[in-house]
Every structure is written in structure tokens, then in C-alpha cells.
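> Here is a sequence together with a model predicted from it:
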Amino acid sequence: MKAVALIALAALVQGEIFYKEYLESDPFASGKWVTSNWKQDTGEASKFEWSSGLWTADPNHKGLRTPTDAKFYAASAKIDKTFDNTDQTLVLQFSVKHEQKIDCGGGYIKLLPPGIDQSTFNGDTKYTIMFGPDICGYSTKKVHAIFHHDGQNLLKKSDVKCPDDEFTHFYTLIVKPDDTYEILVDGKVEDSGKLKEGWDFEKPKMIKDPNAKKPSDWVDDEHIDDPNDVKPDDWDNEPEKVADPEAVKPDDWDDQEDGAWEAPLIPNPSYKGEWRAKKIKNDAYKGPWIHPEISNPEYVEAKNVYKRGPIDYVGIEIWQVKAGSLFGDFLITNDPNQAKEQYELRKVDKSAEEAAKKAYDDVHNPPEVHDDAAHGHDDDHIHDEF
């Protein structure tokens, strides 16, 4: 009985895995992943390919790669077991490698409810969570974490920065039944807190009274001009600029040809600028006016906002200007330790990826060699050509 209890306890500690996919075989050939028909007939969409990328530190570390620039991509997979996270933790983790050093495009995935049509999965398909990196230009480099709630998709109120290099990174979202969360990048917690503080699950409890207005006689100025302060009579006697007393007429200056010589102007050290009266404290000042607040009649307490289930599918629906992103290492579980173990097992050594990229670049993008002597690139030759 003791052994059985220990086994049960170990199983409880280990938790349960609802979906784990390392993409060791072609997921489209097996039917595990389904490409959506969305925008395929118009040519606006392309299809993910099963690949380890153009360069890799491990040819067996494969994923779903975007092969074509300026296209939509949409594909999904049914998870191994429906996951309803009521009374338990939800952990979502996956990896992304932007080997193209993405300039604008998504790197996020979606958790989807039962009943979706995988053949028409698209940007309007309802989801429960959208999570992962989003990069566009210099301004947008963040980890999206969007929750569907009460008919709306709630964006996170503060940004979590994401890496924008060309190497593999892991993204982890943990949603706990006490309505708290953690966002990890490469196994490190980058953000955490209460769900209702990070997202607008509720309308504010208090709002400004729409019937309250600042009194017309309210005095906002803490200081005023001293009415007894008078501008001195000689204040404006000095010009703003004067002739430079150290300037000397050039020896070759010809008054008949060049005109009468005048010394250049410099700032006048005696110039006092625009006169302003001194400020004194305003006895009528009432302080800043504070708009009175009232209880918000639209406020409704949101309870158990952590609940995301049931979840039946994982999907990727993105647009990319420059393709080359590789998605893999998918995990959905109720155990954060499983995510930690997977990360330690599947993380890719950055130095190995750097070496693989350099080897690829050396072959496909060799540095230009400039031999001026061999090609006759001297100044006279250049001028002769034009």
C-alpha cells in the first residue's frame, strides 16, 4: 500500500501532459497538423513546411517553418486530450527561431476551443489564448499574451520584451487557479502578477462623475505676477546684439568693390531680454481640482478569470513580411516542472547556432573581395568611365 501511495504521489507531482509535439516526423503527412484553406485560393497564403531551417545546430531539431515572404500562414493540430484547466494550472510552452531576423511578423500561437473547423481556421476563429513574440520595426518587440473574455480579446496592459535575434528561444505562459500568471522567456521569469491587474477583465469600480464640473471660479494658478513689480525705465536701453569690438577689417577689403565694412554682430552681454514680473504666491489658489468619482454602474466582478477551457486545438495563424520562422517544441500541461524539464532538454546552445549560421553565411553569402589593382580601380579609370 505504501508503494502504491508513493506512485500516486509521484504521478500527482509530475502532473499531466495534454499535448507534446517535437515534430520528429512530418506532421502534415501524418495528418497531425492541418493546413487551413484560408486565403489559399487568392494566393495570399502560403503553407508551413516541415524543416530544420536553412541552418541549424541540430538537423534533428525540426519545426514548422514559414518559407515564403509576405504571406499569411494558418495551420492547427488537435491536442492529445481535451484540457479544461478548472482548478488546475495551465502551462503553454513552445520555441521559435526567427532565422531571417524577422523585421515584421508574428511568432505567436493560439489555444483553441472544441468544435473549430481546421480547414477554415483563420484570424477570426475564436481562441482562448494567443501567446508568443510579435516583432515589427523598432517599436514593437514584445511577447503577446491575449486572453479571450466576455466576447473580447484582452491585450496585456504592459509589454514584455522579446528577443529579436536569429536564434531559438522558448516562450512559456503559466496561468494558475489563484488568478495569477507568469511569463517566461528562455526559462527566466520576465513578468508575473495578478491576472486582473495585467488585463482588463473588469471595468473600473470607480469612474469620474459625468455630472461633476470644475467650478467656473476655480483658481488653478498657484503663483501670479507681482502687481507691485515694475519694469525699470532703462530695461530696454540695450540692444540684443552689438558689433564685435575685437573684429578687424580685413587687409584686402575694398570699400568701393565690397561696400562699407561692418563688424559682425555678437550677443550683447548687457542685454536683459524680455522683462517679466516676479512671481508671488496666489492667495486665491485652491489647489488642483480633483474630479469627483462615483461607483461605476457597469462594473461586474470577474471571478476565476484563469479559466480557459476547454481547449482542444493548438494553432498558428500569422502574417510575415519576411519569412523564415521555425516553430516547435509544443507543450501543454498542468505542471510547470514539465515545462522546465522540456526547456532544459530541448534548449539550443546559442554558440552552436552562431557557428551554424556563420558556416551557412560563408557558403551562401561570402564577403566581397575588392582588388583595386587587379580590376584597375584607380581614380583616373573611374573618371574615364563617366
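Looks like it arrived, so ask away.

> residue ranges for the helices of the stretch 251-386 of the chain, please.
Listed in chain order, the helices of the stretch 251-386 of the chain (DSSP state H, counting those that start in this stretch) span 255-258, 336-346, 350-364, 372-375, 379-385.

> got a markdown table for these, with mean pLDDT too?
Shown next, in a markdown table, are the helices of the stretch 251-386 of the chain (pLDDT from 0 to 100):
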| stretch | mean pLDDT |
| --- | --- |
| helix 255-258 | 85 |
| helix 336-346 | 95 |
| helix 350-364 | 91 |
| helix 372-375 | 47 |
| helix 379-385 | 39 |
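
> looking at those helices, which is closest to residue 183?
For those, the distance to residue 183 is smallest for helix 336-346, at 12.0 Å, taking Cβ to Cβ. The C-beta positions use only the backbone N, C-alpha and C, and glycine is treated the same way.

> which parts of that closest one are buried?
336, 338-339, 342-343, 346 (16 or more other Cβ atoms under 10 Å).

> swap in stretch 105-124?
Buried residues in stretch 105-124, counted by 16+ other Cβ under 10 Å: 105-113, 116, 118, 121.

> Tell me the one among those residues nearest to residue 31.
residue 118 (10.3 Å).

> Identify the residue spatially nearest to that closest one, adjacent ones excluded.
residue 34 (4.1 Å; Cβ to Cβ, 6 or more residues apart in numbering).

> sec struct for that neighbour, please.
strand (DSSP: H, G, I helix; E, B strand; the rest coil).

> quick one: it from residue 274, how far?
Distance, residue 34 to residue 274, by Cβ to Cβ, to the nearest Å: 73 Å.

> Between those two, tell me which one has more neighbours.
Shown here are residue 34 and residue 274; by other Cβ atoms under 10 Å, residue 34 has more neighbours (19 against 7).

> OK, contacts around the more buried one?
28, 75-77, 118-119, 121 (Cβ atoms under 8 Å, 6 or more residues apart in numbering).

> ok, now residue 93?
Per Cβ under 8 Å, 6+ apart, neighbours of residue 93: 170-173, 329-331, 339, 342-343.

> could you redo the last one with a cut-off of 6 Å?
By Cβ atoms under 6 Å, 6 or more residues apart in numbering, the residues touching residue 93 are 172, 331, 339.

> right, and the helix or strand after the lengthiest strand in the chain?
Identified as the longest strand of the chain according to DSSP state E is strand 71-83. Later in the chain than strand 71-83, the nearest helix or strand by DSSP states H and E is strand 90-98.

> what angle separates that following strand from helix 336-346?
20 degrees (axes from the mean of the first three to the mean of the last three Cα atoms, to 10 degrees).

> Closest to residue 178 out of the buried residues of stretch 105-124?
Looking across the buried residues of stretch 105-124 and measuring by Cβ to Cβ, the closest to residue 178 is residue 111, at 19.9 Å.

> which regions of this protein lie under the pLDDT threshold?
Scanning the chain for pLDDT under 70 picks out the ranges 1-14, 368-386.

> Just give the number of residues close to residue 22.
So residue 22, with other Cβ under 10 Å, has 16 neighbours.

> Regarding residue 169, what is its secondary structure?
Going by three-state DSSP: residue 169 is strand.

> so how far is residue 93 from it?
In terms of Cβ to Cβ, residue 169 sits 11 Å off from residue 93.

> Same check on residue 225?
From residue 225 across to residue 93, the span is 64 Å (Cβ to Cβ).

> Write down the beta-bridge partners of the spatially most central residue of the chain, one by one.
What sits nearest the mean C-alpha location of the chain, by Cα atoms, centre = their mean, is residue 142, with 1.8 Å. For residue 142, the beta-bridge partners under DSSP bridges are residue 134, residue 161.

> I'd assumed residue 159 was in contact with it.
Yes: using Cβ atoms under 6 Å, residue 142 makes contact with residue 159 at a distance of 4.3 Å.

> can you map out the strands along the stretch 1-150 of the chain?
Taking DSSP state E, counting those that start in this stretch to define them, one finds strands in the stretch 1-150 of the chain at 17-21, 33-35, 49-51, 63-65, 71-83, 90-98, 104-106, 109-112, 129-136, 140-149.

> possible to save these as JSON lines with distance to residue 206?
Listed next are the strands of the stretch 1-150 of the chain as JSON lines, based on distance: least, Cβ to Cβ, whole Å:
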{"stretch": "strand 17-21", "distance to residue 206": "40"}
{"stretch": "strand 33-35", "distance to residue 206": "48"}
{"stretch": "strand 49-51", "distance to residue 206": "53"}
{"stretch": "strand 63-65", "distance to residue 206": "47"}
{"stretch": "strand 71-83", "distance to residue 206": "37"}
{"stretch": "strand 90-98", "distance to residue 206": "31"}
{"stretch": "strand 104-106", "distance to residue 206": "36"}
{"stretch": "strand 109-112", "distance to residue 206": "34"}
{"stretch": "strand 129-136", "distance to residue 206": "30"}
{"stretch": "strand 140-149", "distance to residue 206": "21"}
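
> That'll do, ta.
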